[in-house]
Each structure stands twice: as C-alpha cells, then as structure tokens.
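Asks: Next comes the sequence, and after it the predicted model I'd like to discuss.
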Amino acid sequence: MNKLKNNKGVTMVALIITIIIMIILLTVINFGSNSAIEMRNLNNMYADILILDEKVALYYLKNGDIPVMENEEEKIMLKEEDLSSGITNNNPNNNDKYYIIDVKKLDNLTLNNLKDTRNSSDRYIVNEQSHTIYYQKGVLLDGKVYYTLPENYQKVELSKYQ
C-alpha cells in the first residue's frame with residue numbers, strides 16, 4: 001500500500017494549468033504576429049502611394065493629364081457606389097471625380113500591392129482635382145481600414161510645378 005502512495009505522477013490540476021499557460025502563450029504570439037503582418041501591409045500601401053504620387057506627378061508634368069484607364073472615347077470615372085466608404089471624405093480638396101490609375105502608362109513601376117488588376121477592388125485610384133491617390137481595397141489595421149496616407153502627410157501640390 002505504501003508503494004502506491006509514493007508513486008507520484010502528473011496530476012490533473014498540473015495538466016490543466018500547463019494547458020492554460022500554453023493557450024495564453026499561443027494567443028499572445030498569434031496576436032503579435034497578426035499585428036506585425038497588418039503593419040507590414042499598411043507600410044507597403046504607404047510606400048506604393050508615395051511611389052505612385054511621384055510617378056503621377058511626373059506623368060502630369062509631361063502630358064498635362066493624369067494616367068488613368070480609358071475606353072475608346074473617354075476616361076473611366078468611378079461611380080460613388082464603386083468607391084469604398086472612407087475614400088470620398090478623406091481630403092477636403094477632392095472633387096467628386098475618381099479614376100482608376102492605369103499603371104501601364106507609368107514607366108519603371110514596381111508596387112507591393114496591386115497583385116490582380118482584374119479584381120475590381122484591387123486597384124489604385126486618383127482624384128481628378130487633388131490628385132490624391134487611394135488603394136481602393138484598403139488595408140486593415142487594428143480594426144480600422146486605411147485607404148491612403150495619414151492626414152498629416154504634406155502632399156506637394158502639382159500646380160506649383162506648372
């Protein structure tokens with residue numbers, strides 16, 4: 001009888017405590033990695049917008065127009081329902097005309113996003129008046145969707161170059 005009492009094994013309480021600790025650690029690691037991926041996606045979008053901002057400005061200086069998709073007769077303008085909800089009120093200088101940027105018109109362009117140009121939401125768009133550039137799909141970070149650079153970004157007005 002004494003032999004059985006001296007044999008100590010893993011108790012149910014110790015097993016449950018170990019499992020709870022493992023669950024907590026996995027949750028913290030998973031949350032941290034998701035946040036890092038979201039932050040990387042946001043930084044990629046910001047980098048793309050800065051590149052496009054420069055390329056669109058150069059194209060505008062050279063051609064007097066913005067590089068947008070066109071059909072045979074006219075520029076393809078997006079309708080209000082085609083825009084994401086946070087885009088139209090982002091910049092007070094915007095007018096109500098938004099166009100899809102034709103990346104094929106821009107030289108030496110490499111972007112992090114824009115993997116599938118056939119996907120109707122995976123595209124960059126530009127406002128006709130302010131030339132503000134938006135990534136229509138947007139990037140999610142901490143439950144908020146970002147479409148363009150933060151409001152404190154000081155955009156150089158293209159009219160200064162004319």
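Replies: Now that the structure is in, tell me what you want to look at.

Asks: just to confirm, which helix or strand has the residue nearest to Asn93 when sequence neighbours are not counted in it?
Replies: In space, and not counting its chain neighbours, Asn93 is closest to Ser130: 4.0 Å by CB to CB, 6 or more residues apart in numbering. Bear in mind the C-beta positions are built from the backbone N, C-alpha and C, glycine included. Using DSSP states H and E, Ser130 sits within no helix or strand.

Asks: How about residues contacting stretch 80-88?
Replies: 94, 96, 98, 120-121, 125, 134, 136-138, 145, 147-148 (CB atoms under 8 Å, 6 or more residues apart in numbering).

Asks: what about 7 Å?
Replies: Around stretch 80-88, the neighbours that count as contacts under CB atoms under 7 Å, 6 or more residues apart in numbering are 94, 98, 134, 136, 138, 145, 147.

Asks: Filter these down to just the buried residues.
Replies: 94, 98, 134, 136, 138, 147 (16 or more other CB atoms under 10 Å).

Asks: need the contact list for the first one.
Replies: The reference is to Asn94. 88, 127, 129-130, 132.
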